[in-house]
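Student: Sequence and predicted structure below; questions after.
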Amino acid sequence: MFKANQNYSILPESYLFSEVAKRIKEYRDSHPDKEIVRMDIGDVSLPLPQVVVEALCNASREMGESATFHGYGPEQGYLFLREKIAENDYHNRGLLHIDADDIFISDGAKSDLGNLGDLFGPDMRIAVAEPGYPVYVDANVLAGRGGRLADGRWSGFTYLECTPENKFIPVIPDHKVDVIYLCYPNNPTGASMTREELKKWIDYAIENKALIIFDSAYEAYVRDENIVRSVYEVDGAEKVAVEIRSFSKTAGFTGVRCGYTVVPRSLDFTFPDGHRASLNKMWNRRQSTKFNGVGYIIQKAAEALYTPEGRKAIKENIDYYMRNAGLLREALLGKGWEVVGGENSPYVWTAPKLHSSTAALTSWELFRRLLDDLQISSTPGSGFGACGEGWIRLTGFNSYEKTLQAIDRLKTLK
Ligand code: MLT
């Protein structure tokens, strides 16, 4: 008799961004005359850079000729792209210990963040920074590592609380955990980490033989020299950390789908029977079993990002979104709200300041107020975990004009 995976029955029914989209659609259907300004999911608004469009067209033409046609590609990704990544994203930034053979091309950060759990033993203790990208928790719950859910938290996880008191940088746990998810610059709070702060986590991981999953999908938004862009900027990280990157937010690839994951060959752990386990080999084995790689055309498009025109286009995109995020940040500070992010991150994390006479709104109530009164959509902070309650996240990814429209509307909120 077929029995379904019980873990699906204990997860909340809908994924955060699907739930937000559903509520926005309900509002739109019942108010067809109102124009909503979308400040919720981090989906980009600028089109693909021209150099990428040309690469897509050229690669498509190659696929139409027998002499240049490509069938199955390497599961790890084409060497032409992995070499460009190693050279530009690591070697040119002084991170010489990351090579093409440590890099795996993916169809975006989300899939790999979800799939990396295939490498973990079933009883691993997982620590997640909270608030955090919901994939970290949901994927581990589906794999049976969640335990019981009570008051929005799973008994199987260690929650690393990120709050205004610790400036949204989690404190090292006082007990042993086996896997730690960190994301900096952070989604959703927009907070960023210095090398000194990250070093504490690398030291903890080395001492406790823990694995760090470092989500650096937003590294290109870092402007401040002291802020970490890659986990490998800290010595020893190559022995304990996997890094996940994406072209989605930098080059408009949310609908194209391409990113990469770094699993250094120096990352050795042990199997329960005591043998050494190379995570790089395991991930390669996992990918060759369950994944046939990212399309040739898409990888050629990603390669174009490493040309001078590609670099220029990325910089312009980032400057554009950062201007939006900065304006949002200023406008909310001007209203006297609590504000984090928008400086080394495209996200602004915000909450109205409480006065003695007012009761705090929950995140979903705030979401409702902004949607009903101002027709601005946001992402409720509690969707990223219990300590996001009371906050919302706004993105800088909409167009400049729409961002100004949202700011004008926010100014009118009582
Ligand atoms: C977000 O808004 O947090 C992200 O865009 C969602 C995603 O990347 O899946």
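Tutor: Noted; the coordinates are in hand.
Student: CA atoms for contacts and neighbours, from now on please.
Tutor: OK.
Student: now the helices: where do they sit in the stretch 1-150 of the chain?
Tutor: 7-10, 16-30, 50-63, 79-85, 109-115, 134-142 (DSSP state H, counting those that start in this stretch).
Student: Tabulate these (JSON lines), appending distance to the ligand.
Tutor: Listed next are the helices of the stretch 1-150 of the chain as JSON lines, based on distance: least, C-alpha to the nearest ligand atom, whole Å:
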{"stretch": "helix 7-10", "distance to the ligand": "19"}
{"stretch": "helix 16-30", "distance to the ligand": "7"}
{"stretch": "helix 50-63", "distance to the ligand": "20"}
{"stretch": "helix 79-85", "distance to the ligand": "21"}
{"stretch": "helix 109-115", "distance to the ligand": "6"}
{"stretch": "helix 134-142", "distance to the ligand": "8"}
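Student: can you tell which of the ones you listed is closest to residue 269?
Tutor: Among those, the nearest to residue 269 by C-alpha to C-alpha is helix 109-115 (18.1 Å).
Student: among the helices of the stretch 1-150 of the chain, which is the most enclosed?
Tutor: Ranked by mean neighbour count, the helices of the stretch 1-150 of the chain are led by helix 134-142 with a mean of 21 (mean count of other C-alpha atoms under 10 Å).
Student: Export that one to CSV, keeping only CA atoms.
Tutor: Taking Å, rounded to 0.1, in the frame of the first residue of the first chain, the C-alpha atoms of helix 134-142 are listed here in CSV:
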residue,chain,number,x,y,z
PRO,A,134,11.6,29.6,4.6
VAL,A,135,13.2,27.0,2.4
TYR,A,136,15.8,26.1,5.1
VAL,A,137,13.1,25.0,7.5
ASP,A,138,10.5,23.6,5.1
ALA,A,139,13.0,21.4,3.3
ASN,A,140,14.3,19.9,6.5
VAL,A,141,10.8,19.3,7.8
LEU,A,142,10.0,17.4,4.6
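Student: Please state the offset of it from the chain centre?
Tutor: Relative to its parent chain, helix 134-142 has a centroid offset of 13 Å by C-alpha atoms, centre = their mean, to the nearest Å.
Student: do stretch 182-192 as well
Tutor: Stretch 182-192 sits 8 Å away from the centroid of its parent chain (C-alpha atoms, centre = their mean).
Student: gap between the two ends of it?
Tutor: End-to-end span of stretch 182-192 (C-alpha to C-alpha, to the nearest Å): 11 Å.
Student: Let me have the helices of the stretch 1-150 of the chain in CSV, extended by mean pLDDT.
Tutor: Compiled in CSV, the helices of the stretch 1-150 of the chain are given as follows (pLDDT from 0 to 100):
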stretch, mean pLDDT
helix 7-10, 93
helix 16-30, 96
helix 50-63, 98
helix 79-85, 98
helix 109-115, 97
helix 134-142, 96
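Student: Any chance of these in CSV with distance to residue 254 as columns?
Tutor: Shown next, in CSV, are the helices of the stretch 1-150 of the chain (distance: least, C-alpha to C-alpha, whole Å):
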stretch, distance to residue 254
helix 7-10, 26
helix 16-30, 14
helix 50-63, 14
helix 79-85, 18
helix 109-115, 10
helix 134-142, 16
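Student: For residue 240, which of these is the nearest?
Tutor: Going by C-alpha to C-alpha, the one of the helices of the stretch 1-150 of the chain nearest residue 240 is helix 109-115, 16.1 Å.
Student: Can you tell me what sits against that closest one?
Tutor: Applying C-alpha atoms under 8 Å, 6 or more residues apart in numbering, the contact partners of helix 109-115 are 106, 135-136, 139-140, 215, 217, 244-246, 259-261.
Student: what helices or strands is the lengthiest helix in the chain leaning on?
Tutor: Identified as the longest helix of the chain according to DSSP state H is helix 308-334. Applying 3 or more C-alpha pairs under 8 Å, 6 or more residues apart in numbering; DSSP states H and E, one finds that helix 308-334 contacts helix 50-63, helix 248-251, strand 338-341, strand 347-351, helix 400-411.
Student: So which of these is nearest residue 7?
Tutor: helix 248-251 (29.6 Å).
Student: circling back: tell me if the longest helix of the chain is near the ligand.
Tutor: No. In terms of C-alpha under 6 Å from any ligand atom, no part of helix 308-334 sits within range of the ligand; the closest distance is 13.6 Å.
Student: just how off-centre is that helix within its chain?
Tutor: With C-alpha atoms, centre = their mean, you get 18 Å for helix 308-334.
Student: Could you tell me the angle between that helix and helix 400-411?
Tutor: 10 degrees (axes from the mean of the first three to the mean of the last three C-alpha atoms, to 10 degrees).
Student: What residues of helix 308-334 count as buried?
Tutor: Counting neighbours by 16 or more other C-alpha atoms under 10 Å, one finds that the buried residues in helix 308-334 are 310, 313-314, 317-318, 320-329, 331-332.
Student: Neighbours of residue 152, how many?
Tutor: 13 (other C-alpha atoms under 10 Å).
Student: OK, contacts around it?
Tutor: Taking C-alpha under 8 Å, 6+ apart as the test, what residue 152 contacts is 385-386.
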